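[1] Quick one, fold the following:
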Amino acid sequence: MRWYRSLYFRIALGVVGLLAAMLVVQAMLFTWAVSQSGRSLPGQSPARLGFNVALDLANVLERDPQIDLQRYVHDQYAQYTHPFFVMLADGRVITSGSSSVPEPLLRMAREQLARRMERPQGRGERPERRRFEGPDGPRPPQFLPGDRPEFFGRGGFERGPGGVPFIRPAPIVVDGKLAGLVVVPPQAPFGFLLGRFAPMLALVAGGVLVVGAIVASALIFGPARRRLRQLETAAHRLGSGDLSARAPDRGGDEIAAVASAFNAMAADLSARAEALAASDRARRQLLADVSHELTTPVTAMRGYLETLAMPELALDEGTRNRYLSIISDETQRLERLIGDLLELARLEGGGGTFAHDRVPIADLFDRVVARHEPACRAAGVVVSSSIEPGAEAVIGDRDRLEQALQNLAANAIRFAPSGTAVRLAAGRRGSSVVIAVADEGPGIAPEHLPHVFDRFYKADASREGVSGGSGLGLSIVKAIVERHGGTIGVTSEPGKTVFEAVIPEGGDREIKN
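    Residues are numbered from 1 along each chain as shown. Purely as a prediction, here's the structure:
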């Protein structure tokens, strides 16, 4: 990016330009106020200035009639901030500065000069002059209070042609003759004052601009630039894949707000990336687990089928039937596995329709006992049930609730030692019904408890010597309970494992379809 396209440069240019404009306007207003107030001569009035200049020029001409008055006036009075001009008897006009004299004042001065030259000059026209000795010799006399005040005029100024105000001209009398007049305007013209103050104002304005630019850069643009640079760096890091990149969001200004929004976006992207990564890992693990579970029965089936298809191998009828029975069992296992996968996919994807009926808990328990009676008798396990008052029924889908309870009971019976009992219980917890299935098996190791509802997870390793199923049963149970708006959990210790399904109970509750 080119430097002149930088936001900092444009802001700085705008601030400096605004500051310069303010200084120019302030200088113009100051000059105009001074010109309008007539206070360009601190300590003396324009009338006093005129008579002092007249006395000084009279003294100079007496000493040296050939002196260059134009140069003398410029050298002696160039620093004065109030203009005046000298109208000499020969018609020459000498100004104290470079500004021109207004034409009305020139006409007035000529008329006054002509009128005074027509009458003889007396001492009344010439105020007393006092010479003062300074360290460098004589200096111009000063017209002091009390020195012929009648020369100041009424109110200090008069009106000339066209109503132009002017101070009564001060005569320059040399050897009793009128040599000229000194005319002082009551107010300094704006252009004259602007020319006088321009160098000083320009110097002050330049210094203020330089100092202002440095201070603004140090206090305003510097910190903002550093913080925006940090935000830019964090954005580049995030774009390059560093999800931990964050921008400093201290302060309560707009940059902090942008940094906070950036950090929130980065945190959201990081969370989504982590979720996508976890989902990808779960997908890969699911594919691996499904491949493994499908490969096992398929491999067994293929091996026995290849054996049966070998013509050179003579098999007796009993061996052939046993091989065919194993193939049939593996086929059924494969069908159950595929069916469970499809069922779980429908439940977790929100597919299928759930009924919304009043389901008696006693009916569910009776069907579970009847379904697993042969397995319990073979395993030497007793199934008992109990229902607390107020937990006689639950609102939900009868078939899905029975499916979940059958899976929990089958899981408990599989791991229950011979001579123990599997207990089915229902109770109240607030406005919910709690259905519990407990067994007296070896328990589940604590490190396995958080994963028992994961797909294809098998707790066989924590329940010694017992072979498990496909690892999808508890995942299906969890999906069914959650579709009913409930939750399921497990607690386990050696000798007691309890699965609890908490289902909200209420006629007005809608099942998630």
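
[2] Which strands or helices does whatever helix or strand residue 171 lives in pack on?
    Using DSSP states H and E, residue 171 sits in strand 170-174. Where contact means 3 or more Cβ pairs under 8 Å, 6 or more residues apart in numbering; DSSP states H and E, strand 170-174 is packed against helix 46-63, strand 177-183. Bear in mind the C-beta positions are built from the backbone N, C-alpha and C, glycine included.

[3] May I see these arranged in CSV, with mean neighbour count and distance to residue 265 as well?
    Formatted as CSV, the helices and strands packed on strand 170-174 follow (neighbours: other Cβ atoms under 10 Å; distance: least, Cβ to Cβ, whole Å):
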stretch, mean neighbour count, distance to residue 265
helix 46-63, 21, 72
strand 177-183, 22, 77
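
[4] Pull the CA coordinates from the strand holding residue 171 and hand them back as CSV.
    Output in CSV follows, covering the C-alpha atoms of strand 170-174 (Å, rounded to 0.1, in the frame of the first residue of the first chain):
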residue,chain,number,x,y,z
ALA,A,170,-0.8,67.8,12.9
PRO,A,171,1.2,70.6,11.2
ILE,A,172,4.9,70.4,10.5
VAL,A,173,6.2,74.0,11.1
VAL,A,174,9.8,74.8,10.2
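
[5] hang on, the earlier thing: can you check which of the helices and strands packed on strand 170-174 gets nearest to residue 500?
    Residue 500 lies closest to helix 46-63 among these, at 106.7 Å (Cβ to Cβ).

[6] other SSEs contacting that closest one?
    Counting by 3+ Cβ pairs under 8 Å, 6+ apart, helix 46-63 packs on helix 69-77, strand 170-174, strand 177-183.

[7] and of these, who's closest to residue 365?
    helix 69-77 (122.3 Å).

[8] which helices and strands sit right next to the helix or strand following the closest one?
    Downstream of helix 69-77, the first helix or strand assigned by DSSP H and E is strand 85-88. Using 3+ Cβ pairs under 8 Å, 6+ apart, the elements in contact with strand 85-88 are helix 69-77, strand 93-95, helix 103-118, strand 177-183.

[9] cutoff 7 Å now
    Judged by 3 or more Cβ pairs under 7 Å, 6 or more residues apart in numbering; DSSP states H and E, strand 85-88 is in contact with strand 93-95, helix 103-118, strand 177-183.

[10] Determine which of the helices and strands packed on strand 170-174 approaches residue 282 most closely.
    Using Cβ to Cβ, the helices and strands packed on strand 170-174 put helix 46-63 closest to residue 282, at 97.4 Å.

[11] Name the strands paired with the strand holding residue 171 and say parallel or antiparallel.
    In the sheet, strand 170-174 lines up against strand 177-183 (antiparallel) (DSSP bridges).

[12] Could you point out the helix or strand that follows the longest helix along the chain?
    Secondary structure of the chain read by DSSP state H shows that its longest helix is helix 254-308. Note on helix 254-308: by DSSP H and E, the next helix or strand toward the C-terminus is helix 317-348.

[13] Tell me how far whichever helix or strand comes after that following helix lies from the chain's centre.
    Toward the C-terminal end, the helix or strand that comes next after helix 317-348 (DSSP H and E) is strand 357-360. Centroid separation between strand 357-360 and its chain, computed with Cα atoms, centre = their mean, to the nearest Å, is 55 Å.

[14] Give the buried residues for whichever helix or strand comes after strand 357-360.
    Using DSSP H and E, the next helix or strand after strand 357-360 towards the C-terminus is helix 361-371. Neighbour counts over helix 361-371 (16 or more other Cβ atoms under 10 Å) mark 361, 364-365, 368-369 as buried.

[15] What segments of the stretch 351-500 of the chain are strands?
    Assigned by DSSP state E, counting those that start in this stretch, the stretch 351-500 of the chain shows strands spanning 357-360, 382-387, 393-396, 421-429, 432-439, 487-493, 496-504.

[16] From the contact counts, what lies against the third one?
    This points to strand 393-396. Taking 3+ Cβ pairs under 7 Å, 6+ apart as the contact cut, strand 393-396 packs with strand 357-360.

[17] Quick one: mean pLDDT over the strand it packs on.
    In this model, strand 357-360 has a mean pLDDT of 90.

[18] quick one: buried residues of stretch 376-393?
    Neighbour-count burial for stretch 376-393 [16+ other Cβ under 10 Å]: 376, 379, 381, 383, 385, 387, 391, 393.

[19] And those, which two are furthest apart?
    Top of the distance list for these (Cβ to Cβ): 379 and 393, 30.5 Å.

[20] What's the separation between the closest residue to residue 359 other than its chain neighbours and residue 74?
    Excluding the flanking residues, the one nearest residue 359 by Cβ to Cβ, 6 or more residues apart in numbering is residue 398, at 4.8 Å. Look at residue 398 and residue 74: by Cβ to Cβ, to the nearest Å, they are 118 Å apart.

[21] One more: residue 341?
    Relative to residue 74, residue 341 is positioned 110 Å away (Cβ to Cβ).

[22] Who has more neighbours out of these two?
    Taking other Cβ atoms under 10 Å, residue 341 and residue 74 do not tie; residue 341 has more neighbours (20 against 15).

[23] for the more buried one, what are its contacts?
    290, 472 (Cβ atoms under 7 Å, 6 or more residues apart in numbering).

[24] and residue 314, how many residues sit next to it?
    The number of residues packed near residue 314 is 7, by other Cβ under 10 Å.

[25] Residue 302 versus that one, what's the distance?
    The value you get for residue 314 to residue 302, if Cβ to Cβ is used, is 21 Å.

[26] Kindly report the same for residue 68.
    130 Å.

[27] what packs against the longest helix of the chain?
    Where contact means 3+ Cβ pairs under 7 Å, 6+ apart, helix 254-308 is packed against helix 222-239, helix 317-348.
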